[in-house]
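*Asks:* What follows is a predicted structure for the sequence shown.
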Amino acid sequence: MRGMRKGKDGLWALVLSGLACVALATIFVPAVADYFFLSDDYRLVGQGLSLTSWELVSQPHFLYYRPTVHLWLMVEAHLFTWSSPSGYALMGLVTHSLNAFLLSTLLLRTGFARERCWA
């Protein structure tokens, strides 16, 4: 009987997760589709297209030393260039979603309660 209850809870969690994904997609898909470049985006994308990877990691840019961020922007700039600003927004959403999933998985493996890990 207890195992059956656990199965229903798992199904309920799956249904709620699916509904949450649909709700988020309803909100974010129009935002991603209508995304446009802002003032600093022009400098960052232009830098990603014009500098080599060594130039991006060997020195600070715009008063910050963030080599991972600059390399990521370089990859995005070469994938999407100036023609698809929504690609940058989509990659941001995918990256943040993947990070949230990885953190939740890590917390589960270290003994945190399932309810806290997915909240």
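*Replies:* Noted; the coordinates are in hand. It should be emphasised that the depicted structure is a prediction, and the values quoted were computed from it without experimental measurement.
*Asks:* where exactly do the helices run in the protein?
*Replies:* 2-33, 39-50, 53-58, 67-80, 85-109, 114-117 (DSSP state H).
*Asks:* now the ones you listed in CSV, with mean neighbour count and mean pLDDT?
*Replies:* C-beta coordinates here come from the backbone N, C-alpha and C atoms, glycine included. Shown next, in CSV, are those (neighbours: other C-beta atoms under 10 Å; pLDDT from 0 to 100):
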stretch, mean neighbour count, mean pLDDT
helix 2-33, 10, 70
helix 39-50, 14, 79
helix 53-58, 13, 87
helix 67-80, 16, 87
helix 85-109, 13, 86
helix 114-117, 12, 72
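*Asks:* Quickly note the distance from Glu115 to Phe101.
*Replies:* Distance, Glu115 to Phe101, by C-beta to C-beta, to the nearest Å: 16 Å.
*Asks:* what sits against Cys117?
*Replies:* 104-105, 107-108 (C-beta atoms under 8 Å, 6 or more residues apart in numbering).
*Asks:* right, I mislabeled it, should have said Leu102
*Replies:* By C-beta under 8 Å, 6+ apart, Leu102 has no neighbours at all.
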